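Student: dropping the sequence and predicted coords here.
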Amino acid sequence: MNIYKKLALGLLLDGLGYVSLIFPPFDFIWAPLSAYLMTKLYKGREGKIAAVIAFIEEALPFLDVIPTFTLMWLYTYVLSSEKAISKA
């Protein structure tokens, strides 16, 4: 998947996470689903760690404002320059 398509998908998924601010029961569905999607988007150890963080962030009230998918994209493709060069 193109890295910019992955960014767009991450932004969309982060936006979807904001639904629980309006409809809190959505967290019961979204927390495990976001963790699963994180492991599919980002492989390896980093993906598993990000999935745990995504699950906790979505399951706990008032932490839904953290854009976990976007932060993971930034970590993977901007902050980890070695990986960004090899995956581009």
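Tutor: Thanks, I have it.
Student: buried stuff in stretch 67-84?
Tutor: 67-69, 71-73, 76-77 (16 or more other C-beta atoms under 10 Å). Every C-beta, even on glycine, is put in place using the N, C-alpha and C of the backbone.
Student: equivalent analysis for stretch 11-29, please.
Tutor: Neighbour-count burial for stretch 11-29 [16+ other C-beta under 10 Å]: 13-14, 17, 20, 26-27.
Student: in helices only, show me the residues you listed.
Tutor: In this view, these that belong to helices under DSSP state H are 13-14, 17, 20, 27.
Student: make a markdown table out of those residues and add distance to residue 54 and pLDDT.
Tutor: Shown next, in a markdown table, are these (distance: C-beta to C-beta, whole Å; pLDDT from 0 to 100):
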| residue | distance to residue 54 | pLDDT |
| --- | --- | --- |
| 13 | 9 | 95 |
| 14 | 10 | 94 |
| 17 | 9 | 88 |
| 20 | 13 | 83 |
| 27 | 12 | 87 |
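Student: residue closest to the middle of the protein?
Tutor: Geometric centre of the chain, nearest residue: residue 69, 2.4 Å, by C-alpha atoms, centre = their mean.
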